[in-house]
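Colleague: Fold the following.
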Amino acid sequence: SSASQTPSGPTSRSSAFVTECKILLYLLCNCTLWLFPLSLGSCSSPPSLHFAKISQEDEMQSFYPVGITVRYICRPGYENTTDQLPTSTCLDNLTWSAVPELCQSECLHLVSFSPASSHSCIRSSQGHA
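Modeller: You can find the predicted model right below:
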């Protein structure tokens with residue numbers, strides 16, 4: 001019978017192996033560079049703020065590459081007066097962008113002139129005292 005045969009000797013196997021290796025190397029290199037852009041550098045831990053703390057998810061990061069943005073959550077006693085979350089981004093110069101002060105104090109602090117009392121906090125359900 002005259003069925004066409006595919007070579008199955010050492011040459012065809014090594015050719016397939018080389019092709020597989022090239023594909024794996026390509027994927028490994030490209031995926032690694034995409035997942036871990038080490039050549040760009042990374043920032044130290046994001047800045048601590050008195051009015052907000054880093055989100056739990058972002059706080060668990062151990063590596064902050066250039067371009068990553070972390071989110072902040074308002075601390076107790078502060079409320080976000082906008083529909084945006086405060087964020088900070090790791091910049092090309094390996095510093096963090098400024099965090100907008102979107103969290104405002106929920107309290108109106110009054111200074112009393114009486115020596116018996118100190119600062120007091122008046123909360124209003126309508127947002128003002």
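
Colleague: check which helix or strand covers Leu85.
Modeller: For Leu85, there is no enclosing helix or strand under DSSP states H and E.

Colleague: Please parse this structure into its domains.
Modeller: With domains defined by automatic domain parsing, the chain comprises 10-39, 41-122.

Colleague: now the strands: where do they sit in this structure?
Modeller: Secondary structure of the chain by DSSP state E: the strands cover 42-43, 52-54, 64-65, 69-74, 78-80, 87-89, 103-105, 108-110, 120-122.

Colleague: Which stretch among the ones you listed approaches Thr95 most closely?
Modeller: Among the strands of the chain, strand 42-43 comes nearest to Thr95, with 6.9 Å by Cβ to Cβ. Backbone N, C-alpha and C define where each C-beta goes, glycine included.

Colleague: what does that closest one contact?
Modeller: The contact list for strand 42-43, computed with Cβ atoms under 8 Å, 6 or more residues apart in numbering, reads 63-66, 68, 90-91, 94-96.

Colleague: I'd like the residues you listed as CSV, with distance to Glu106 and neighbour count appended.
Modeller: Output for the contacts of strand 42-43, formatted as CSV (distance: Cβ to Cβ, whole Å; neighbours: other Cβ atoms under 10 Å):
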residue, distance to Glu106, neighbour count
Phe63, 35, 9
Tyr64, 30, 21
Pro65, 35, 16
Val66, 35, 16
Ile68, 30, 16
Cys90, 30, 22
Leu91, 32, 12
Leu94, 35, 13
Thr95, 31, 13
Trp96, 26, 18
